[in-house]
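J.: Need coordinates for the below:
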Amino acid sequence: MVPRFLLISLSIAAILGEATIHQRRERLDEMTSGLGLDSAYDATLGRIKGQGKGKSALGMAALMWISHSERPMNIGELCEALGAKVGFRDMNYDNIPSEKTMLASCLGLVTVDESSTVRLVHFTLQEYFNSHSGHFENPQSTMAEVCLTYLNFDSVNELSHSLDRAPAETRLLQYASSYWGMYARNGLTEGVKSLALQLLGKFGKHISAKLLLEGDLSHWWKRGWYSEGFTGLHCAAYLGLDEIAIALLEEEEGCVADMADGRGITPLAWAASYGHEGIVKLLLDRKEVNPDSRDGVGQTPLLSAAWSGYEGIVKLLLDRKEVNPDSRDKYDLTPLSCAADGGREGIVKLLLDQKEVNPDSRDYLGRTPLWCAVDRGHEGVVKLLLDQKEVNPDYRDKYDRTPLWLAARCGHEGIVKLLQRHVNTESNTEANDAPVSPSHLLQNSYEGLPVSQLSPQLSRDTPDLLTQNPHPALLSAVSPPDTPDIGSETSSQKPPFDSPLIALLNPFPLTAIAAAGIAAVSAILAILIRLWLWYLEDSC
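T.: Numbering: from 1, shown residues only. Okay, the predicted model is just below:
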């Protein structure tokens with residue numbers, strides 16, 4: 001119903017926008033013979049462009065930003081973006097339009113919600129702009145130029161690069177820092193390139209360097225990774241700006257292709273982590289670049305590319321004889337274990353083809369690549385690893401957990417069956433070699449373990465794991481007294497072993513902690529009651 005009312009509203013506004021009765025009748029005829037919302041949007045945009053020069057430019061600029069922005073903008077960000085003028089050395093605050101003026105210039109096509117976020121009046125307008133690109137000329141380049149102009153303003157350059165967040169008065173600063181690179185990559189012009197080189201020449205001491213990394217939500221685990229030494233070349237590699245990286249290497253005095261930032265990360269490692277193959281090729285062609293450099297936690301560009309799943313970059317790095325395909329970081333993670341954890345089958349195949357790679361390596365928690373793949377439910381990777389004769393499918397990690405136990409706990413029934421076929425079950429089979437149920441294997445593997453170290457529940461999709469030869473301890477762990485029977489609704493939970501702290505706490509008997517806490521509280525209450533009684537006796 002909303003599009004229908006919107007169509008009526010826009011049609012009435014277009015008709016009333018005409019000056020005479022004759023013109024209104026002509027507009028009415030046009031609207032009634034049109035194709036619907038597209039015709040209404042055409043007419044409304046025609047009215048916006050027909051306003052005075054200032055309001056027309058303002059309305060179309062606002063629509064450009066809103067329809068092409070990488071994320072929804074708030075009203076403060078949008079108004080500062082509309083007020084920033086390319087070629088100026090600083091912000092002229094008298095040039096920033098008010099919210100009221102901006103909305104009036106858009107003739108009803110833009111709205112501001114209760115959170116001050118600016119939005120198009122309806123999602124069909126976004127669809128309209130997606131299919132009618134001719135309304136805006138080079139929007140990506142224009143937005144990149146505005147963002148870079150803002151970052152090069154004198155008032156922004158004077159801000160301390162040690163600030164944790166953008167000052168309240170610089171409403172566009174965080175947005176410009178986070179997205180100028182994306183707009184520049186999609187719309188690089190000579191003007192954008194010149195402004196980018198101006199910024200990157202001083203980037204190591206610029207506040208936007210920190211804001212860029214802190215605002216990166218695509219790689220949340222790298223938030224807080226900013227450190228001194230993150231230079232313009234690091235930034236170009238991070239953002240995948242090939243032409244700008246070439247210009248920096250050729251023109252920027254003191255630009256070193258293999259310089260590590262404060263965390264030991266080189267431009268090559270940044271490019272490999274974010275999948276910028278062009279930058280990787282560019283840097284690998286320079287003899288001063290070490291393709292197997294290590295950062296502060298011992299990770300190499302190959303490990304970063306394997307973890308992030310960039311197969312093309314992995315191939316480029318494996319072609320270099322200096323690269324160790326089985327390198328370990330400080331946590332004993334290898335490129336293979338990282339690729340297995342992420343379900344990167346293509347990269348796993350590439351690494352398994354390297355004779356130097358140990359397919360059964362252990363990390364600091366005793367987890368193998370197979371364990372990681374089972375944990376994440378990557379059945380294809382599990383098959384690849386089980387085909388390797390060096391892989392022990394029944395290996396126990398630091399906490400005495402096997403891949404089969406983990407697969408049962410997570411409810412990965414297909415993986416349970418794969419592991420059952422590979423695990424040596426001679427001690428668990430009958431004389432006739434009958435198939436062994438996963439629960440029977442769990443029973444023999446975990447005989448005597450406390451209930452607190454068993455899974456709190458299994459997936460409801462694999463009830464057969466419990467109905468065949470159920471182990472009493474496993475049953476009590478899966479179905480504690482206050483839960484329904486085994487067949488009832490339960491939620492499959494993946495063990496949260498991503499955090500070393502959680503991994504250390506996971507096998508600990510938390511029920512014992514709860515019981516001890518209750519006992520302590522009871523004892524304290526008993527003491528307080530006795531003291532109160534003594535006080536009453538004395539007062540009497």
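
J.: Quick one: residues contacting the closest residue to residue 310 other than its chain neighbours.
T.: Leaving out its chain neighbours, the residue that sits closest to residue 310 by Cβ to Cβ, 6 or more residues apart in numbering is residue 275, at 4.3 Å. Yep, even glycine has a C-beta here, placed from its N, CA and C like the rest. Going by Cβ atoms under 8 Å, 6 or more residues apart in numbering, residue 275 touches 240, 305, 308, 310, 313.

J.: Now do the end-to-end distance for stretch 397-404.
T.: One end of stretch 397-404 sits 12 Å from the other (Cα to Cα, to the nearest Å).

J.: do the same with stretch 200-209
T.: End-to-end distance (Cα to Cα), stretch 200-209: 9 Å.

J.: what distance separates it from the centre of its chain?
T.: When C-alpha coordinates are averaged (Cα atoms, centre = their mean, to the nearest Å), stretch 200-209 and its chain have centres 24 Å apart.

J.: Find me the pLDDT at the residue lying closest to residue 171 once chain neighbours are set aside, would you?
T.: In this structure, residue 171 finds its nearest non-sequential neighbour in residue 76, 3.8 Å apart by Cβ to Cβ, 6+ apart. Per-residue confidence at residue 76 stands at 96 (pLDDT).

J.: Residue 7 too?
T.: 52.

J.: swap in residue 487?
T.: Residue 487 is assigned 33 on the pLDDT scale.

J.: And residue 135, by the same measure?
T.: For residue 135, the model assigns a pLDDT of 92.

J.: Let me see the contact set for it.
T.: 45, 60, 63, 64, 129.

J.: gap between the fourth one and residue 54?
T.: When you say that, I think you mean residue 64. 16 Å (Cβ to Cβ, to the nearest Å).

J.: Which one's more surrounded, those two?
T.: Between residue 64 and residue 54, counting by other Cβ atoms under 10 Å, residue 64 is the more crowded of the two (20 against 11).

J.: What's the per-residue pLDDT of the more buried one here?
T.: For residue 64, the model assigns a pLDDT of 97.

J.: how distant is the helix or strand where it lies from the center of its chain?
T.: Assigned by DSSP states H and E, residue 64 falls within helix 53-68. Per Cα atoms, centre = their mean, the displacement of helix 53-68 from the mean C-alpha position of its chain is 31 Å.

J.: And the next helix or strand after it, what does it pack against?
T.: Next helix or strand after helix 53-68 toward the C-terminus (DSSP H and E): helix 75-83. The elements that helix 75-83 packs onto, with contact taken as 3 or more Cβ pairs under 8 Å, 6 or more residues apart in numbering; DSSP states H and E, are helix 53-68, helix 99-105, helix 139-151.

J.: Mind doing that once more with 7 Å?
T.: Where contact means 3 or more Cβ pairs under 7 Å, 6 or more residues apart in numbering; DSSP states H and E, helix 75-83 is packed against helix 53-68, helix 99-105.

J.: Make TSV from these and add distance to residue 38 to it.
T.: Shown next, in TSV, are these (distance: least, Cβ to Cβ, whole Å):
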stretch	distance to residue 38
helix 53-68	15
helix 99-105	22
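
J.: what's the most buried one of those?
T.: helix 53-68 (a mean of 19; mean count of other Cβ atoms under 10 Å).

J.: if we can go back for a sec, which residues does the helix holding residue 64 contact?
T.: For helix 53-68, contacts defined as Cβ atoms under 7 Å, 6 or more residues apart in numbering pick out 48-49, 51, 73, 78, 81-82, 97, 102, 105-107, 109-110, 118-120, 126, 129, 136, 139, 143.

J.: Of those, select the buried ones using a ChimeraX command.
T.: To isolate the buried members of the contacts of helix 53-68 in ChimeraX, using 16 or more other Cβ atoms under 10 Å:
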select :48,51,73,78,81,82,97,102,105,106,107,109,110,118,120,129,136,139,143
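
J.: and the gap between residue 97 and residue 155?
T.: 19 Å.

J.: ugh, wrong one, residue 200
T.: Taking Cβ to Cβ, one finds residue 200 at 19 Å from residue 155.

J.: Same check on residue 318?
T.: In terms of Cβ to Cβ, residue 318 sits 48 Å off from residue 155.

J.: next one: residue 77
T.: For residue 77, the distance to residue 155 (Cβ to Cβ) stands at 16 Å.

J.: who has more neighbours, these two?
T.: Each of residue 77 and residue 155 has its neighbours counted (other Cβ under 10 Å); residue 77 has more, 22 against 14.

J.: quick one: that one and residue 170 touch, right?
T.: No - using Cβ atoms under 7 Å, residue 77 makes no contact with residue 170, being 10.2 Å away.

J.: so what's the nearest residue to residue 96 once chain neighbours are set aside up against?
T.: Distances taken as Cβ to Cβ, 6+ apart place residue 83 nearest to residue 96, at 3.4 Å, with adjacent residues excluded. Contacts for residue 83 (Cβ under 7 Å, 6+ apart) come out as 91, 95, 96, 97.

J.: Name the nearest of those residues relative to residue 194.
T.: The closest of the contacts of residue 83 to residue 194 turns out to be residue 91 (Cβ to Cβ; 19.7 Å).

J.: Now that closest one. Its backbone dihedrals?
T.: Note on residue 91: its backbone torsions stand at phi -70, psi 130 [degrees, to the nearest 10].

J.: from memory it sits against residue 85, does it?
T.: No - contact criterion Cβ under 7 Å: residue 91 and residue 85 do not qualify, at 8.7 Å.

J.: So for the two, which residue has more residues nearby?
T.: Ranked by neighbour count (other Cβ under 10 Å), residue 91 and residue 85 place residue 91 first, with 21 against 12.

J.: Next, work out how far apart the more buried one and residue 165 are.
T.: The value you get for residue 91 to residue 165, if Cβ to Cβ is used, is 19 Å.

J.: again with residue 277
T.: To residue 165, residue 277 is 33 Å away according to Cβ to Cβ.

J.: what do you get for residue 119?
T.: 25 Å.

J.: in whichever strand or helix holds residue 46, what's buried?
T.: Element membership for residue 46 (DSSP H and E) is helix 37-49. Residues 37, 39, 40, 41, 42, 43, 44, 45, 47, 48 are the ones in helix 37-49 that count as buried (16+ other Cβ under 10 Å).

J.: Would you confirm that the last one contacts residue 107?
T.: Translated: residue 48. Yes - contact criterion Cβ under 7 Å: residue 48 and residue 107 qualify, at 5.4 Å.

J.: measure stretch 91-102 end to end?
T.: End to end - Cα to Cα - stretch 91-102 spans 18 Å.

J.: and residue 78, what does it touch?
T.: Residues near residue 78 by Cβ under 7 Å, 6+ apart: 62, 65, 118.

J.: mind listing what residue 384 touches?
T.: With contact taken as Cβ under 7 Å, 6+ apart, residue 384 is in contact with 345, 348, 349, 352.

J.: Please report the distance of residue 19 from residue 50.
T.: Residue 19 is 11 Å from residue 50, by Cβ to Cβ.

J.: Compare neighbour counts for those two and give me the winner.
T.: residue 50 (10 against 7).

J.: Report how far apart the opening and closing residues of stretch 261-275 are.
T.: End-to-end distance for stretch 261-275, by Cα to Cα: 19 Å.

J.: buried sites along it?
T.: With burial defined by 16+ other Cβ under 10 Å, the residues of stretch 261-275 counted as buried are 261, 263-275.

J.: how far out from the middle of the chain is it?
T.: When C-alpha coordinates are averaged (Cα atoms, centre = their mean), stretch 261-275 and its chain have centres 17 Å apart.
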